[in-house]
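J.: based on what follows, work out the 3D shape:
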Amino acid sequence: MPGVWVAPRRFGCAWLASSTALVGERASLRRFSTRRFSHLKNVVRGHLESDNPTTASNTRPAGLTPRTTAKRKFALVVGYLGAPYHGFQRNYGVSTVEGVLIQALVNAGFLAERNTESFGKMGWQRAARTDRSVSALGQVVSVKLELPRESVCEGNDVDNFDAPLVPPQEILNKVNQCLPREIVLVDVVKVTNSFRAKDWCEQRRYSYLVPLQVLLGPDEARSRSLVFRETELNSILHRFIGSHRFDNFTAPGRCKGRDLRRKIISFDAESVTIHDTAYVRFNIVGGSFLYHQIRKIMGLVILVCRRLRDVEDIDAALQAREKFEVPIAPAHGLLLEECLYPSYDKRFGSKMPSMKTGIEARKRMENLRESLIHPHVMEAERVEYFDGRGSTAMERWLDLVLNSSLVMQEAEYDDEEEVDVREMSNPRGGSPIVP
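T.: Got it, this is the predicted structure:
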């Protein structure tokens, strides 16, 4: 046939022989795998049927005992006061929120002690990590809880992984009984088996409380009767919104070779009154944050508000690739408000509970804020006397920034836990997320 190339006979035969041999080997391997899978399936099926007295046979595979628990994936929403702990992430040798939470789940009977050393066996993943003394209201952890196979929820199917088996409210009550006062399990949500707290989290919302007098300065505060310039301050904060490289807003030496570009979705401020004291609450929302990023942003914002830095220094710090000195604000005012999962709710909201904060969970959050977190912030800002003059924690921090080098200030926080600078990856099965 014109235009069609035909291989010589000797090459064609050799190619056909090798291809036939390869296909034969693959077919043999496929048959072996199928037989092995069928054998394992029959063993497991006999094991499961033996648990049911109506279908149990007289013969039981050797070495197999009936399982009394079934694993189900849940999202745990946790609130805590960070002051008594060395951060959230489990760190052996020091007390951490994550370590206390895992032990409480073991004591409540929802985790096996033998599995707590492996996050993979627990299906454990946290949505964010917080530094020492940083608090949270809506930290999210995904975990496979071990629940009794006897269905407490009437009508649940043991083999249906979307069935919770035990009511989430019962899990919440039992775990809270095993937790200290500083840590509260705010909500328990049944999630899909593929849910991962960090991978599916698209946005994280933080807040930072600063006394109004610290922003204005003592002279300006007296002259203006503590009137706050919200419009002017928000125009300053809007300079951070968008995608920027935050090379100068993370701990030096911690992020070499990493992508330091992050996207700030919103950043604003509002006046609040806590126990007759005027504060300014800064609200910042982003996809993910670098180590110390928010506290360094707040350090520069406070200096700009006090007229100790120019507004143009914000743009210079965001654009500079070389070292630009940015102070790090104290940790006690920072609070992880909530983690948001809009894509997960959109994809699974029709058949699974929503990850949005419910009414009862919101009440528990506000109770924790009013009873523990706000008093801790006010206590840190209580006037203490040094060398015959009164000063607050923020004023002492300002003195440290102005009268000493930033190198000393960075060294003060060097004993904090090592934190992964990238808090988010693409969700499994979801659309890519741009931080």
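J.: next, count neighbours for residue 89.
T.: Other residues lying near residue 89 total 18 when counted by other CB atoms under 10 Å. (C-beta placed from N, C-alpha, C; glycine too.)
J.: use 650 as the first number from now on
T.: New numbering, starting at 650: the last item is residue 738.
J.: quick one, phi/psi of it?
T.: With angles defined as degrees, to the nearest 10, residue 738 sits at phi -60, psi 140.
J.: can you pull the pLDDT of it?
T.: pLDDT, residue 738: 91.
J.: got the phi and psi for the residue lying closest to it once chain neighbours are set aside?
T.: The spatially closest residue to residue 738, leaving aside those adjacent along the chain, is residue 778, at 5.0 Å (CB to CB, 6 or more residues apart in numbering). The phi/psi pair for residue 778 (degrees, to the nearest 10) reads phi -120, psi 140.
J.: same question, the one 10 residues further on
T.: Comment: the main-chain dihedrals of residue 788 come out as phi -70, psi 140, following degrees, to the nearest 10.
J.: likewise residue 917?
T.: Per degrees, to the nearest 10, the backbone of residue 917 is at phi -150, psi 180.
J.: that one reaches residue 929, doesn't it?
T.: No. Between residue 917 and residue 929 there is no contact under CB atoms under 8 Å: 10.6 Å.
J.: so what's the residue count around the residue nearest to residue 738?
T.: Look at residue 778: counted by other CB under 10 Å, it has 21 neighbours.
J.: likewise for residue 1025?
T.: Going by other CB under 10 Å, the residues that sit close to residue 1025 add up to 18.
J.: residues making contact with the helix or strand containing it?
T.: Applying DSSP states H and E as the criterion places residue 1025 in helix 1023-1029. Under the criterion CB atoms under 8 Å, 6 or more residues apart in numbering, residues 730, 732, 784, 858, 923-924, 926, 979, 981-982, 1041-1042 lie in contact with helix 1023-1029.
J.: run the last query once more with 7 Å
T.: Contact with helix 1023-1029 is made by 730, 732, 858, 923-924, 926, 981-982, 1042, as judged by CB atoms under 7 Å, 6 or more residues apart in numbering.
J.: out of those residues, who's nearest residue 818?
T.: Among the contacts of helix 1023-1029, residue 730 lies closest to residue 818 (CB to CB), at 23.6 Å.
J.: show the contacting residues for that closest one.
T.: Residue 730 neighbours (CB under 7 Å, 6+ apart): 784, 831, 1021-1022, 1025.
J.: which of those residues has the weakest pLDDT?
T.: Lowest confidence among these: residue 1025, with 91.
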